[in-house]
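Peer 1: sequence-free structure coming up:
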């Protein structure tokens, strides 16, 4: 199988380079190499030149707050480019794997979101991602949309790395405790992607939720990560009781955040015969890796 990977330098893209390699030839592109989602004509030309059997789109506009001001760019990358990819994939008979987010929901309630729940984004980023999903579903028959949340890894920018860096520099930290989700390692997303793409048949096309097992708050996540780093030998100024739980209202931001980012992964696990590990496994592994001197 020949696979075109877009967004190869991002958190998930970096891990996909590894996981997809077992399936065949991977043409991994970044923005400068013909994979710029903001340039639809060049993007279409790239797909035709590579002529892949599968396109894996790990590129996106992910700056949630910036999307409130740069809405046109967010939609160009997260929606218009998806329509281009879907059209090219459909014409070539290729699979299109695309990553979306829990932000397509309004974040209310406490029940994990199912794939067939009504969507209602509360910010521009979520609206752009939903528009991308809709374009793909309407245009490309052979598509796999994987919604995930709270993605992190040792590579790239993410909450886990930010917290460990802040804990090393500051005596106390304030972290919100009224938003719920499951921290999901990019390596897990990449490994599951390879697994489902290898199995995918016409009957598997559709949308799936992909997240680590369990649930937690940002505060509990931060406290666990810091404890794991300390156990691995890191010297941190803020740990234990110095990480304080606060409400979201103490951090006013341009874009509203969903309080409930829980995702029900039953459909994915049942369809592809998967067992998803608890969120603590990935967080512990990365926290310890980041804390260990090289």
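Peer 2: Perfect, thanks for sending it. Since this is a predicted model, take the numbers as computed values, not measurements. Numbering: from 1, shown residues only.

Peer 1: Mind giving me the packing neighbours of the lengthiest helix in the chain?
Peer 2: Longest helix in the chain by number of residues (criterion: DSSP state H): helix 124-139. When contacts are defined as 3 or more Cβ pairs under 8 Å, 6 or more residues apart in numbering; DSSP states H and E, helix 124-139 packs onto helix 66-69, helix 71-75, helix 81-92, strand 95-101, strand 143-148. (C-beta placed from N, C-alpha, C; glycine too.)

Peer 1: For those, state which one has the densest average packing.
Peer 2: strand 95-101 (a mean of 26; mean count of other Cβ atoms under 10 Å).

Peer 1: For residue 113, find the nearest of the helices and strands packed on helix 124-139.
Peer 2: Shortest distance between residue 113 and the helices and strands packed on helix 124-139, using Cβ to Cβ, is found for strand 143-148: 8.2 Å.

Peer 1: Can you give me the buried ones in the longest helix of the chain?
Peer 2: 124-137, 139 (16 or more other Cβ atoms under 10 Å).

Peer 1: Show the end-to-end separation of stretch 172-189, please.
Peer 2: End-to-end distance for stretch 172-189, by Cα to Cα, to the nearest Å: 32 Å.

Peer 1: Return the set of buried residues in it.
Peer 2: Those would be 173-177, 179-189, for stretch 172-189 by 16+ other Cβ under 10 Å.

Peer 1: Select from those residues every entry located in strands.
Peer 2: Cross-referencing the buried residues of stretch 172-189 against strands under DSSP state E gives 173-176, 180-181, 184-185.

Peer 1: number of nearby residues for the closest residue to residue 20 other than its chain neighbours?
Peer 2: Sequence neighbours aside, residue 26 is the residue nearest to residue 20 in space, at 4.9 Å (criterion: Cβ to Cβ, 6 or more residues apart in numbering). Counted by other Cβ atoms under 10 Å, the residues lying close to residue 26 total 22.

Peer 1: got the contact list for residue 10?
Peer 2: 58-60, 156 (Cβ atoms under 8 Å, 6 or more residues apart in numbering).

Peer 1: With residue 157 instead?
Peer 2: So residue 157 contacts residue 11 (Cβ under 8 Å, 6+ apart).

Peer 1: any idea whether it is helix, strand or coil?
Peer 2: coil (DSSP: H, G, I helix; E, B strand; the rest coil).

Peer 1: Can you pull out the low-pLDDT segments for this protein?
Peer 2: 33-34, 293-294 (pLDDT under 70).

Peer 1: quick one, helices of it?
Peer 2: According to DSSP H, the helices that the chain contains are 11-19, 40-50, 66-69, 71-75, 81-92, 124-139, 159-169, 186-199, 218-231, 266-272, 279-291.

Peer 1: The second one packs against which elements?
Peer 2: The one in question is helix 40-50. So helix 40-50, by 3+ Cβ pairs under 8 Å, 6+ apart, packs with strand 2-6, helix 81-92.
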